[in-house]
Structures are given as C-alpha cells and as structure tokens.
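K.L.:
next input, structure requested:
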Amino acid sequence: MKVGIIGGGACGLVVARILQENNISYTLFEKNKIGKKILASGNGKANIYNTNITSEFYNNQFASDLVGAMYAKLLVFFQRIGLYTKTDSEGRSYPYSESSLTVLNCLIENKTNLIENFEVKKIEKKNKQFFINDLDEGFDYLVLASGSMAGMIKSKQVGYNNYLNSLNLKMTPLRPSLVGFKLANYPKNLSGVRAKALVSLYQGTKLIHQEQGEVIFKNDGISGICVLNLSYYYNQLKAKNNCHLSLNFVPDYDVNINTKKELLGLLNNKLASYIGEFQDLNHYLRNLTFDILDTYDFEFCQVVSGGLNLDQINKDLTLKTEPHIFVGGELLDVDGACGGYNLMFAFSCGLLIGEMLCNIK
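P.N.:
Next comes the predicted model:
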C-alpha cells in the first residue's frame, strides 16, 4: 500500500509519523516548508492542545466530537513520540521546552519521504490509483491536509489548494479568523499603544463574548490575543451588521477619576491623552467603544473560518464520494477559539487518519 500525503502541517505530519512507525509506504508533499505553521504557533511556544474541551470552542459539533473521541489517544501519542507537555491554569498545553521546534523534532522521525516546495496542482485517478501532477508514481490512498491560507501574503493566496477543483469538492465561504479588527472612527495616534483591558463584542445591545488581556492598537484597528478570540465569535454570527467593541481599562479596579491628570496614573500617555478629551472620563475609561468595519485580511489571521463542506465527509474523515481519500485539519470547515484548539483538531485528525490507514493494512 502506498499513501500520498498532501500537506506538511500538524495533520499531515502525524499521519506520516504513524505510517513510518508501521512500515507503510508514503510520500508527503508540502508546498512551502514542513511544519512552518507549527513553528510559528503560540509565538514560538506552540500551544498544541487544551484540556478544556467543550463544544463552544469549535464552530460545529463535528469538530468537538472528533477531538473528544481522540483526546486520550492524542496524549498517549505525544508521550510515545517523546513530546512532554505542561499545562497552565487555563488548560493551554505546551511542549515542556516551550519551543515549537521541539514539536517538529518529535513528529519528524525520517525526512526521506518528506518533499518540500512541491505544489500539488491536480489529482487524477487511473486504474484505482491516484496520480499527483505528472508524477509516474501512483498512490492507493491520499490524505488531503494542505491547510488554509491563514498567514499567507496575498500573492501566495492566489490559487491556493487549486488541486481540489480536480476532485469536484465544495467549499464553504472563507473568512479570516483569530485576527484583529478594523474599526470605524479610529484614532490613528494610538498606533503602537499596548494596554490591558476587558474587551467586549456586542451586536446592537447584545453581548456576544468578552475577553480580558493585552490590546495592541494598530494604524486602523486593534489586535492582541483577547481580540483575536473575539473574531472567532464574530465569525459565528450569521449577520455581522451593527457590531462594536467596548474596552474597559479598569475592570478589576473600583476607581473614580475626576481630572485628566489622574488618567496618567492608570494608562499609557497616548491613551490617557485620548480618553482625557472626553467629558465623562469614567465612562470612557470603562466603555471606550468602536464600531467594527471588518476583520483584517487572511495575511494577518491565525486560522480560516470556512473550508471543505463537512456534508462531503464521513466520520472517519474519508470522502463520501471516494473512500480512498482522507481529509483533515484546516482544510475542513472547522475553526476553533484561541488556546490550542485548532492545532488539537489537526493533530486529532492526523491520529484518526493514521489509525484508519493502519487498520486497512
């Protein structure tokens, strides 16, 4: 049996590692560099999973069910390949070394069958085998794990995953997720400011979600981990009109401000100067509000909302139209909140696909 794996991210590398352990022939093709997104994840620390698994952290039940079913097995897999982890108070789990390179080193046991800088442009089926581009070698099974265009510059987004057209697969609309927001009536002089705040997402008067953490002010909007997570909930809204963000800079501090000068004891100079221009200082200190124009582009996002329509996928991650093709990871219409949920889903997909291929053997 020969297996072709398209994509050298979390899902594809887990499949490759399992096939390697079970002496199953495979070739992995990666358009860019193997494990590029793993290395960048968690600011280089790689938040690889979360111990808190509930359906609210994924955009659909399909993802939540799969992760829940594979969770215990995933931890055993990590231990088997020597990937030791530690978990913080919020359930976010990292390699013990706090280095994403450790994750990659543990996943890759043999580089012989890993091919970088190879773009898959088409897939053809001939005599019960699948052929990639114009290669002579055919594969009995394929694993589609080529990820998304999250973090890609615009020039590289064009034509990404075009090979899916040759398989007549349907995609749901794509949107950037885990990304900052462009805001209306935004003061550009706040660019570069960083401040701790409780950030709340509203649609009209309805509170959608709120997160507390560091906010990064940019030229035309805001970012920061807490803001990225709000974009996940923003993308779940069917209609995205009449949405705004409210920032509270003293959520845990019962203080009453009477003068502009007092703001300097609480806030960055630029931020204090901006809020100091309002008449009701205490209101804007706790409720600085901006209307949302849109999120930033795919180039600045961590994951993508949308993808391969799940109606085409069986629970074992095979295509309903072609049981010899598996699909996993970011390619699917699955996205999760910040905190390791997206990598955990991709790893879980790879583990399930690897198990299925070993059972076929």
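
K.L.:
can you tell me the closest non-neighbouring residue to N258?
P.N.:
L281 (7.6 Å; Cβ to Cβ, 6 or more residues apart in numbering). For every residue, glycine as well, the C-beta is placed using N, CA and C.

K.L.:
isn't that neighbour up against K261?
P.N.:
No. Contact between L281 and K261 fails when scored by Cβ atoms under 8 Å: they sit 10.6 Å apart.

K.L.:
now the residue nearest to N258: how far from S191?
P.N.:
In this structure, L281 and S191 are separated by 22 Å, where distance is defined by Cβ to Cβ, to the nearest Å.

K.L.:
more neighbours: which of the two?
P.N.:
L281 (19 against 14; other Cβ atoms under 10 Å).

K.L.:
got a pLDDT number for the more buried one?
P.N.:
At L281 the predicted local distance difference test score is 93.

K.L.:
ok, the one 4 residues further on next?
P.N.:
pLDDT, L285: 95.

K.L.:
same deal with N258?
P.N.:
According to the per-residue confidence, N258 scores 86 in pLDDT.

K.L.:
distance of it relative to T289?
P.N.:
When Cβ to Cβ is the yardstick, N258 and T289 sit 22 Å from each other.

K.L.:
those two: which is more packed in?
P.N.:
In this comparison of N258 against T289, neighbours counted by other Cβ under 10 Å, the higher total goes to T289 at 14 against 8.

K.L.:
quick check: which element contains that one?
P.N.:
Element membership for T289, per DSSP states H and E: strand 288-295.

K.L.:
now stretch 191-203: how far from the chain's centre is it?
P.N.:
Averaging C-alpha positions (Cα atoms, centre = their mean, to the nearest Å) puts stretch 191-203 21 Å from its chain's average.

K.L.:
any buried residues in that stretch, and which?
P.N.:
In terms of neighbour count (16 or more other Cβ atoms under 10 Å), stretch 191-203 has its buried residues at V193, A195, A197, L198, V199, S200, L201, Y202, Q203.

K.L.:
got it, and stretch 87-106?
P.N.:
When neighbours are counted by 16+ other Cβ under 10 Å, the buried residues of stretch 87-106 are found to be R92, S93, Y94, P95, S97, S99, S100, T102, V103, L104, N105, C106.

K.L.:
need the max-distance pair from those residues.
P.N.:
Across those, the longest distance by Cβ to Cβ is 20.8 Å; it joins R92 and N105.

K.L.:
quick one: the strands in the stretch 51-200 of the chain?
P.N.:
85-87, 92-95, 114-115, 123-126, 129-132, 138-139, 141-144, 175-177, 181-183, 194-203 (DSSP state E, counting those that start in this stretch).

K.L.:
for G306, which of those strands is the nearest?
P.N.:
Across the strands of the stretch 51-200 of the chain (criterion: Cβ to Cβ), the nearest stretch is strand 175-177, sitting at 5.9 Å.

K.L.:
and the closest one, what does it pack against?
P.N.:
Other helices and strands packing on strand 175-177, by 3 or more Cβ pairs under 8 Å, 6 or more residues apart in numbering; DSSP states H and E, are helix 225-235, strand 288-295, strand 303-305.

K.L.:
gap between that strand and the chain center?
P.N.:
Distance, stretch centre to chain centre, for strand 175-177: 9 Å (Cα atoms, centre = their mean).

K.L.:
sheet-wise, list the partners of that strand with their directions.
P.N.:
With DSSP bridges as the test, strand 175-177 is paired with strand 303-305 (antiparallel).
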